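> the sequence isn't on hand, but the structure is:
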């Protein structure tokens with residue numbers, strides 16, 4: 001929108017050749033988006049409290065399981081080897097004694113009976129027999145050593161003879177060498193697969209228990225974190241914690257947090273009531289003072305100056321009321337172009353501001369229409385007061401907007417002298433004034449503070465930056481709204497007309513610094 005100005009002709013708009021304002025340097029919201037993506041990537045890599053607790057418990061339990069497995073294997077190793085050696089030794093000694101004291105006919109019957117009923121075979125050992133000693137595992141070596149101690153040093157323990165597998169024990173009967181063949185199942189130590197199955201089962205059960213414990217421990221902390229975030233956003237009603245918790249420590253923390261939230265809510269309510277009450281009480285004497293000034297002051301110039309001072313005080317009171325406004329807002333999909341148009345209509349009669357508007361007509365944002373109109377109006381008033389181009393007395397303002405992912409980026413920039421870089425961060429602080437603001441002293445220093453607070457209430461981001469070609473740029477990042485079906489031009493026109501009526505009194509424009 002370009003508004004013709006009354007009075008003397010002013011130089012042309014510095015950016016009249018282009019609808020899109022030149023970019024600022026730096027672009028704070030684009031940098032903020034990149035930083036937010038970086039933070040989200042770091043958050044994905046990092047661990048929250050639940051997973052940290054879970055992994056610590058998992059490491060502890062896994063270490064305990066491995067220690068117990070090694071302990072059981074160590075405790076099982078010696079008794080198993082000794083017990084197996086005792087059984088084999090007893091069987092060899094019994095066989096030897098039975099064969100020594102049996103006659104030839106009974107010996108044959110005895111050997112046959114032992115083979116059929118007990119699975120024990122006694123065979124003569126030939127000099128040409130080829131045998132493989134039992135595997136060299138720890139338990140195998142311990143078993144062989146124990147058998148040699150019990151049966152003699154000439155005892156042989158083999159796992160195969162002449163290619164036939166089994167548990168072969170070589171011993172002598174009256175000087176004759178023999179083999180005692182046993183089923184290998186009599187000596188079957190627990191394999192690595194068996195230990196692995198038990199280890200995996202125990203680990204799975206332990207990890208499930210660790211997850212349950214971590215969830216139980218971190219649930220109160222998660223609820224406390226959520227409640228703290230709600231308090232930070234000003235939603236005190238949704239931040240109440242359970243005061244009937246089972247554990248006494250959690251119960252005391254919840255009770256203390258609830259009392260703190262209640263006191264903060266009371267302080268916030270008292271602050272708003274106090275500011276609103278003071279502002280309301282001041283309006284009556286100001287109105288009476290204005291009436292008396294207009295009726296009793298004869299000098300027209302003095303009367304005009306006094307009326308202007310009273311109007312300035314009234315505008316400052318409006319700023320206090322805006323700053324004390326409650327934090328609750330109603331977010332709806334609205335057309336950004338309609339809100340900007342209503343704000344431009346309110347300032348079109350101002351002779352010291354020219355506005356170049358390049359907002360797309362179909363761009364929708366999720367915002368409170370009244371609050372967003374107040375934000376745009378404050379930014380325009382700030383540019384009109386403090387962003388005038390040097391030597392012209394006119395503020396040239398560009399308004400542009402574009403979509404980016406789920407956000408809408410809005411930029412309101414002037415072509416004035418800008419702000420010192422070290423003061424930009426202080427502009428959104430309440431009652432802070434820049435050099436030009438202190439010189440003119442026409443506001444309460446709450447304009448940009450109200451803008452920042454209002455944008456945050458709507459879930460957006462507000463940032464300021466000097467432009468590379470001079471001037472100050474205000475950046476708004478608002479949530480993008482999906483276009484609703486059936487939203488016709490009649491409804492938009494009605495909202496625009498209503499906004500124009502609301503702004504025609506000039507209440508929307510007030511001090512920004």
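Cool, got the structure. If you're wondering where the values come from, they're calculated on a predicted model, not measured in any experiment. Residues are numbered from 1 along each chain as shown.

> the host helix or strand of residue 478 pairs with which strands?
Residue 478 belongs to strand 472-479 when assigned by DSSP states H and E. If you go by DSSP bridges, strand 472-479 pairs up with strand 407-414 (antiparallel), strand 461-466 (antiparallel).

> single out the most deeply packed of those strands.
With neighbours defined as mean count of other Cβ atoms under 10 Å, these peak in mean count at strand 407-414, which reaches a mean of 24. In this view, the C-beta of every residue, glycine as well, is placed from N, C-alpha and C.

> distance between that one and the chain's centre?
Chain-centre distance of strand 407-414: 27 Å, with Cα atoms, centre = their mean, to the nearest Å.

> who's in contact with that strand?
For strand 407-414, the surrounding residues in contact (Cβ atoms under 8 Å, 6 or more residues apart in numbering) are 21, 24, 29-30, 33, 336, 359, 363-365, 376, 379-380, 383, 386-388, 395-403, 467, 471-480.

> so which of those residues are in strands?
Counting by DSSP state E, the contacts of strand 407-414 place 364-365, 395-403, 472-479 in strands.

> just the buried residues of these.
364-365, 395-401, 472-479 (16 or more other Cβ atoms under 10 Å).

> number of residues surrounding residue 303?
By the criterion of other Cβ atoms under 10 Å, residue 303 has 15 neighbours.

> is it true that it lies in a strand?
No. Under DSSP: H, G, I helix; E, B strand; the rest coil, residue 303 falls outside any strand and is assigned helix.

> how much space between residue 406 and residue 475?
Per Cβ to Cβ, to the nearest Å, residue 406 is found 17 Å from residue 475.

> if I pick the nearest residue to residue 393 once chain neighbours are set aside, what's in contact with it?
Leaving out its chain neighbours, the residue that sits closest to residue 393 by Cβ to Cβ, 6 or more residues apart in numbering is residue 352, at 6.1 Å. Going by Cβ under 8 Å, 6+ apart, residue 352 touches 5, 384, 388, 393-395.

> and the pLDDT at residue 478?
Predicted confidence (pLDDT) for residue 478: 92.

> surely it touches residue 365?
Yes. Contact status for residue 478 versus residue 365: in contact at 4.4 Å, counting by Cβ atoms under 8 Å.

> please enumerate the shared neighbours of the two.
Taking Cβ under 8 Å, 6+ apart as the contact rule, residue 478 and residue 365 both touch 336, 372, 408.

> tell me how many other residues crowd the second one.
The reference is to residue 372. If you count neighbours by other Cβ under 10 Å, residue 372 ends up with 26.

> for PyMOL, what selects the buried ones among the contacts of residue 352?
The PyMOL command for the buried members of the contacts of residue 352 (criterion: 16+ other Cβ under 10 Å) is given here:
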select buried, resi 384+388+394+395
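
> can you redo the contacts of residue 352 as a markdown table with pLDDT and distance to residue 237?
Shown next, in a markdown table, are those (pLDDT from 0 to 100; distance: Cβ to Cβ, whole Å):
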| residue | pLDDT | distance to residue 237 |
| --- | --- | --- |
| 5 | 36 | 50 |
| 384 | 88 | 39 |
| 388 | 88 | 45 |
| 393 | 84 | 50 |
| 394 | 89 | 48 |
| 395 | 90 | 42 |
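
> follow-up on the earlier one: could you dump the strands paired with strand 472-479 to CSV with distance to residue 248?
Formatted as CSV, those follow (distance: least, Cβ to Cβ, whole Å):
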stretch, distance to residue 248
strand 407-414, 46
strand 461-466, 42
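
> how about those strands, which one is nearest residue 273?
When the strands paired with strand 472-479 are compared by Cβ to Cβ, strand 461-466 sits nearest residue 273, at 26.6 Å.

> now do that closest one: distance to the chain's middle.
For strand 461-466, the distance to the chain centre is 24 Å (Cα atoms, centre = their mean).

> please apply the same query to stretch 283-298.
The mean C-alpha position of stretch 283-298 is separated from the chain mean by 57 Å, Cα atoms, centre = their mean.

> buried residues in it, which are they?
Neighbour-count burial for stretch 283-298 flags 290, 293 (criterion: 16+ other Cβ under 10 Å).

> same question, stretch 102-109
Buried residues in stretch 102-109, counted by 16+ other Cβ under 10 Å: none are found.

> and the contacts of that stretch?
Contacts for stretch 102-109 (Cβ under 8 Å, 6+ apart): 99, 110.

> same question, stretch 290-306
Contacts for stretch 290-306 (Cβ under 8 Å, 6+ apart): 307, 310.

> longest helix in the chain, by residue count?
Longest helix in the chain, counting residues (DSSP state H): helix 49-101.

> any idea which helix or strand of this protein has the worst average confidence?
Across the helices and strands of the chain, mean confidence by mean pLDDT, DSSP states H and E is lowest for helix 489-503: a mean of 43.

> these two touch, right, residue 182 and residue 119?
Yes. When contacts are counted by Cβ under 8 Å, residue 182 is listed as touching residue 119 (7.2 Å).

> who has more neighbours out of these two?
Neighbours were counted for residue 182 and for residue 119 using other Cβ under 10 Å; residue 182 has more, 19 against 13.

> for the more buried one, which residues are in contact?
Listed by Cβ under 8 Å, 6+ apart, the contact partners of residue 182 are 88, 91, 119-120, 166-169.

> the same query, at a cut-off of 10 Å, please.
Contact analysis of residue 182 by Cβ atoms under 10 Å, 6 or more residues apart in numbering lists 87-88, 91-92, 118-121, 166-169.

> over to residue 480?
333, 336, 363-366, 403-409.

> of the residues you listed, which one scores lowest on pLDDT?
residue 405 (85).

> how much space separates it from residue 366?
Distance from residue 405 to residue 366, counting by Cβ to Cβ: 14 Å.

> which residue of those two possesses the greater neighbour count?
Neighbour comparison, residue 405 and residue 366: the larger count goes to residue 366, with 18 against 9 (by other Cβ under 10 Å).

> residue 479 is in contact with that one, correct?
Yes. Counting by Cβ atoms under 10 Å, residue 366 touches residue 479, with 4.1 Å between them.

> which neighbours do those two share?
331, 333, 406, 408, 458-460.

> by neighbour count, which of those residues wins?
Busiest of those [other Cβ under 10 Å] is residue 408, holding 24 neighbours.

> okay, and the beta partners of that one?
residue 403, residue 478.

> okay, residue 132: pLDDT?
Looking at residue 132, its pLDDT stands at 82.

> if it is in a bridge, with which residues?
residue 160.

> burial of it, as a residue count?
By other Cβ under 10 Å, the residues close to residue 132 number 13.

> what do you get for residue 80?
A count of nearby residues for residue 80, using other Cβ under 10 Å, gives 17.

> hmm, residue 128 is touching residue 162, no?
Yes. Applying Cβ under 10 Å, one finds residue 128 in contact with residue 162, separated by 8.9 Å.

> among those two, which residue is more densely surrounded?
residue 162 (13 against 6).

> which elements pack onto whatever helix or strand residue 224 lives in?
Following DSSP H and E, one finds residue 224 within helix 192-232. Counting contacts by 3 or more Cβ pairs under 10 Å, 6 or more residues apart in numbering; DSSP states H and E, helix 192-232 is packed against helix 49-101, helix 248-296.

> so which of those helices gets nearest residue 218?
Here helix 49-101 is closest among the helices and strands packed on helix 192-232 (Cβ to Cβ), at 4.6 Å.

> right, and the helix or strand after that closest one?
Next along from helix 49-101, by DSSP H and E: helix 104-113.

> so what are the sheet partners of the following helix or strand past that next one and their directions?
Remark: after helix 104-113, the chain's next helix or strand is strand 121-124, criterion DSSP H and E. Applying DSSP bridges to the sheet, strand 121-124 is found paired with strand 176-182 (antiparallel).
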